[in-house]
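*Asks:* predicted structure and sequence below. I'll ask about it afterward.
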Amino acid sequence: MWSAFDYAFWRLLKAMPSMLLIIVTTFVLLRLASGNATDALLGDTRGADPALVAQLSAQFGLDQSLLTQFYRYVVRLVQFDFGWSFAHERPVAEVLHERLGTTLLLASGALFLAFTLGSALGTLAARRAGSVLDHAVKAFGFVLHGMPSYFLGLMLIAVFALEFHWLPEGGLKSPTQPATGVAHALDVGWHLLMPMMTLTLIYLSHYARRMRASVSQVGRHDHVRTARAKGVAGVRLTRDHIVRNALLPIVAPLALQFSMMLSAAVVVESLFSLPGLGQLAVESVVQRELHTLMAVIYLCALLVIGARFWIDVLHAALDRRIKHR
Amino acid sequence: MSAARPLPDSTPAIHAVPGKLEQVDARSKVLEIRSLEISLPAGSERKRAVIGLDLDVHEGEIVCLVGESGSGKSLTGDAIMRLLNGDVRITGGSIRLDGEDLLGASEERIRALRGESMGMIFQNPMTALNPQQSIGWQIDEVLRLHTTLTRAERRSRALDVLHQVHLPDPAAVLDNCPHRLSAGQRQRVMIAMALVLHPRLIIADEPTTALDVSAQREILELMRGIRRAHDTGILYVTHDFGVVAEIADRVMVLRHGECVEEGGVHEVLDSPSHRHTRELIAAVPSMTPPGPRVHPDAPVVLEVHGLCKSFTRYGLVPGRIVSKVDAVKDVQFVLRAGETLGIVGESGSGKSTVSRCVTRLQSADAGSVMLKRRDLRQKRDLLNASPRLLRVMRQHIQLIYQYPMSAMNPRRSVLDLVAQGPRIHGASRSDAQTTALDMLELVELERSAASRFLPEFSPGERQRIAIARAMALKPRILVADEPVSELDVTEQVGILALLARLRDQFGLSILFVTHDLRVAAQLCDRIAVMERGEIVEMGPTAEVFAQPVHDYTRELMASIPGREWVPPLL
Amino acid sequence: MSVPSAALFSTELRQVRSFWRRFRHRPTAALGLIMFTVFAVMALCADMVAPGDPLAASGALLSAPFEVDAFPLGTDLQGRDLLAGLFHGARTSLAVGALATFVGLSIGVLVGLLSGLSGGWVDAVLERLIEAIRFAPDFMLLLAMVAVFGHSVQTIALAVGFISWTETAHRVRARTIALRESEFVEAVRNLGASKATLLIEEILPNVLPPVIVSAPMLMAVAILLESALAFLGLGDPDHVSWGAMLGASRVSLHEAWFVALIPGMAIMITAVSLTLIGDGLKMALGRGQGKA
């Protein structure tokens, strides 16, 4: 197992330059944002105490050269110091910290469900090629591929919340429930059900299609023929010889899809009024708190790198061909 | 799951003297096929892949099923195990294993028989094993499925069978995954898996085609050993008559799905009766090398000195070397006008790298390749030439690849492909096309081929197109990298004859890279034997074949299957 | 020798014609093409069918489809004509989609080719850049660009193009490198071709077709991105957009679901039709030409 971590660790190192490029990009965008550097970095200062503004200006070194500013920017980012949010009247880092959990739960949960359910469906469809199930999977795949997540979400709300009143319309918790304990957890889960269902459904079809293609392709491989020549068949054949090999190319791009999931979460969180990073991003645009938005992007880039690490570990653990040093 | 079958007792099998059919018939039949008919899906070239096939395999007998590609030999093997995929169907006849009807048996019964009573070995050991499971697990699977042995017993059986197939350090192999083994080792694992339950019949579908000569020799030896030790009946599918001569007891020749000749190995090989068999045997390159053709004082057209090339992989830390392979170590030779020099070796010997360095498709680390200009007066070093000079020099030395389909863009018409060379060097469109058409005629293709595309041709014809393309630049030297390895024997004969004719007609010098000693014997005036990057022996073909000096050469000569058999003059 | 010249020209034509035939015969692709054409026509005829400002409150609030003669598809909460919204929204979506796709493909091909052909440190840097933007959450980057550069339709289109070029660049780079090292390009190099010749005659013709085939998919993604932006209320307030219509329908969802259904279906069908076209192109390309 250690070698799986080894492999993932070296790949992580290679991803560091990309992280740096993201930081540069956010910095450049911030500088481009407006002529008044103070405004851009500190948020909309209208109505704020000028003394505080002056203090923060000096603190962030806005009066110095570009390179120095960049250097200090990087130093702050690495320490997770994102500045002050006037809209929330708290350090940005604190706001991020509050919102992180919801988004992480939503994105990871949806990805996990979409991946496992989708792969299972895809495998079944491939093994029963040409059947009703197979065609249904293909057809749904096309439809869901083009459906905007918020449209699906709206329809789900219309049906389950407004029409049948089975599920809540939005928000993360009901005002009547206690703030901690099992009841709280259940309440949150109840509220997350529809948003997660929305995200899961959109991506489920994607995995189903890809797994179906992978399984039917691997099914034609030589080693499967060898297994059949030994007398292996049925579930055993599918499980040990086909799926184990078909799953690998599906696992590899999971990190990229985690990134897409975070993007999709932006819209879904807004639709369902969930207090997560995505909704924060939208709020920041509206409230013209650009630095908060950049902080969200930075944090998400870090999350994606984390995802890449863990997916690489998983991939190395599953694929025995990866050279262990 | 059936109980473990008792191992057969170790009384040695009675060897039937090939040719004495009465003795063979007295032993029990393991496999009996009658009037087998296999149909192909609609839209294929023919309606039926196999027609009216009758085939018997007795215990302790090796029957070789020979034919060219498309003869139906592989499908027959698949049909016996009922491994044909959906569209290809058995539409007639019967197959009996030890008297039991296989075609009528239930799917469950067939599954029980597979692995236990009949085993199969496939052609490509690199893809035939599950890359994600250890060797031990894969052998264990057969035992788990068909027996009720305990885990410890299964492990000891697995170790035992790996020992039988002569794999060194069986315990380590058990824990390894396939990618850690070489091709030859993987094939032995496949044989072990097929063998572990001592099946009555083993079907081997070209198991040595993808292997080096020395690995092939060991596998063939193994086959003979299996037949001796377990009285297994072996159906060996191949296209190589040398292999047939080496191990077969009986032979059956297939053509377009029909059996055209059948009999004991000596009968069929020494006095074939059917036209097709005679054609195939005539196409086998004999081991008698040509007599001296080229005067030793003929002018030198290519001179290679101190050629070195190694492939290094660097780690993340700059300068740290992960692996280094010395592909070519200090190689030198000369090539004279009108001469054919063969570079012979197994995979990993560096022969392909030499051909690529000589044509400067790959940069060499050191050394020089001196090429004479047209006037034979000046020599220039190819490896150090400037880009402009290099372009000019490329006209003099052309390369022919092993796989024409991947060496030429299939989206371009044949005319386009052949005319490409002259056009690159400045010929006008019409001039280039005229040259191209002349070249097509030269390689014995019809003019109408010009407007068609590569996939429409047979592999042999495609190689002719490749030769036409190379000849369009009127080179003095042709470097051929395994040009006939992928061809059927009959097409092989044609290409070799073509090369010989071109050589004589234009005074071409040919550098012929191959692993097949028979082919080298046919065409080459001199050969250089390479092992692990070095030339270990070089000299006139006749001499090297008759009295090999170096140990490796001797080993190589000894590994040629059926070397004792002299194909009859037909 | 007139036969060979004619032969050469007609082979090109033949390839194009057989490609088209294969595409036509695939029912899903044909369906996609038809559906998309419907929307394209809608976009073109918007002014004729629904003249005037589609954003103007023109009628009764929340009238159902077919209820009022003047508004066959009904009106939304602000009394805006849904039919006008549908037609003019088509214009916005298709225009943004087309521009974004063009920008994205152009940048992607250029960067991918440059990276794949150069090798060395240029490739290393560009590869990292492609990777960085690819792995960053694209919608958040879009928000950032809109926040910095404004939210006019043109800006949005360009921004969408700027975040979507990475996928194309990644694929073009991979394909270029594979081709550069492939045997048949090597064979042409052996014939003595210069680098420029290799690029134009062998590499480009093999790199460009998959790129063109990916264009419809890219456009579908661009339309979805623009609609999402509009849905959140961050789109161009001066241009009607299906996404904005969808966003506005949230409030009145329980009373008038058709206000959501119409723009939602429009987005969906447009995206699906583009996907079907893209799929058909991929099949037509893959089956006809041999593997190069």
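*Replies:* Right, received. Where do you want to start? If you're wondering where the values come from, they're calculated on a predicted model, not measured in any experiment.
*Asks:* hmm, B:Ile219 and B:Arg188 touching each other?
*Replies:* Yes - judged on C-beta atoms under 8 Å, B:Arg188 makes contact with B:Ile219 at a distance of 7.2 Å. For every residue, glycine as well, the C-beta is placed using N, CA and C.
*Asks:* which stretches of chain C have low pLDDT?
*Replies:* Residue ranges of chain C with pLDDT under 70: C:1-16, C:24, C:58-60, C:67-70, C:286-292.
*Asks:* so which residue is dead centre in it?
*Replies:* For chain C, the residue sitting closest to the mean C-alpha position, by C-alpha atoms, centre = their mean, is C:Met219 at 1.0 Å.
*Asks:* show me what the helix or strand hosting that one is packed up against.
*Replies:* Assigned by DSSP states H and E, C:Met219 belongs to helix C:204-231. Applying 3 or more C-beta pairs under 8 Å, 6 or more residues apart in numbering or on different chains; DSSP states H and E, one finds that helix C:204-231 makes contact with helix A:149-156, helix A:254-271, helix C:82-118, helix C:138-149, helix C:153-180, helix C:242-248, helix C:258-288.
*Asks:* now tabulate the ones you listed in a markdown table and tack on mean neighbour count.
*Replies:* Below are those laid out as a markdown table (neighbours: other C-beta atoms under 10 Å in any protein chain shown):
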| stretch | mean neighbour count |
| --- | --- |
| helix A:149-156 | 23 |
| helix A:254-271 | 25 |
| helix C:82-118 | 22 |
| helix C:138-149 | 22 |
| helix C:153-180 | 21 |
| helix C:242-248 | 26 |
| helix C:258-288 | 22 |
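*Asks:* and B:Thr91, which of the three is it?
*Replies:* Three-state assignment for B:Thr91 (DSSP: H, G, I helix; E, B strand; the rest coil): strand.
*Asks:* count the residues that sit near it.
*Replies:* 13 (other C-beta atoms under 10 Å in any protein chain shown).
*Asks:* now it: closest residue in space that isn't a chain neighbour?
*Replies:* Once flanking residues are discounted, B:Thr91 sits nearest to B:Ser39: 4.5 Å by C-beta to C-beta, 6 or more residues apart in numbering or on different chains.
*Asks:* spell out which parts of chain A neighbour chain B.
*Replies:* Residues of chain A lying close to chain B by C-beta under 8 Å from any C-beta of the partner chain are A:10, A:13-14, A:221-223, A:225-233, A:240-241, A:244-245, A:318-321.
*Asks:* again, only this time at 7 Å
*Replies:* Counting by C-beta under 7 Å from any C-beta of the partner chain, the residues of chain A close to chain B are A:10, A:221-223, A:225-233, A:241, A:244-245, A:320-321.
*Asks:* so can I have CSV of the helices and strands packed on helix C:204-231 showing distance to B:Ile95?
*Replies:* CSV is the format used below for the helices and strands packed on helix C:204-231 (distance: least, C-beta to C-beta, whole Å):
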stretch, distance to B:Ile95
helix A:149-156, 55
helix A:254-271, 47
helix C:82-118, 54
helix C:138-149, 59
helix C:153-180, 45
helix C:242-248, 64
helix C:258-288, 36
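*Asks:* what's the closest of these to B:Ile247?
*Replies:* Closest of the helices and strands packed on helix C:204-231 to B:Ile247 is helix C:153-180, at 41.7 Å (criterion: C-beta to C-beta).
*Asks:* for the following helix or strand past that closest one, name the packing helices and strands.
*Replies:* For helix C:153-180, the following helix or strand on the C-terminal side (DSSP H and E) is helix C:183-191. Applying 3 or more C-beta pairs under 7 Å, 6 or more residues apart in numbering or on different chains; DSSP states H and E, one finds that helix C:183-191 makes contact with helix B:404-407, helix B:414-424.
*Asks:* toward the C-terminus from the last one, list the very next helix or strand.
*Replies:* Next in sequence after helix B:414-424, counting helices and strands by DSSP H and E, comes helix B:429-442.
*Asks:* neighbours around B:Ser39, how many?
*Replies:* Using other C-beta under 10 Å, B:Ser39 has 18 neighbouring residues.
*Asks:* correct me, but it touches B:Val50?
*Replies:* No - distance between B:Ser39 and B:Val50: 8.8 Å, which falls outside the contact criterion (C-beta atoms under 7 Å).
*Asks:* convert the C-alpha atoms of stretch B:157-170 to CSV, please.
*Replies:* Output of stretch B:157-170 as CSV, limited to C-alpha atoms (Å, rounded to 0.1, in the frame of the first residue of the first chain):
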residue,chain,number,x,y,z
ARG,B,157,-0.5,-28.4,-7.4
ALA,B,158,0.1,-25.0,-8.8
LEU,B,159,3.8,-25.1,-7.8
ASP,B,160,4.0,-28.5,-9.3
VAL,B,161,2.7,-27.6,-12.6
LEU,B,162,4.9,-24.5,-12.8
HIS,B,163,7.8,-26.8,-12.2
GLN,B,164,6.7,-29.0,-15.0
VAL,B,165,6.7,-26.2,-17.5
HIS,B,166,10.3,-25.4,-16.4
LEU,B,167,9.7,-22.0,-14.9
PRO,B,168,12.5,-21.1,-12.6
ASP,B,169,11.6,-20.2,-9.0
PRO,B,170,7.9,-21.2,-9.2
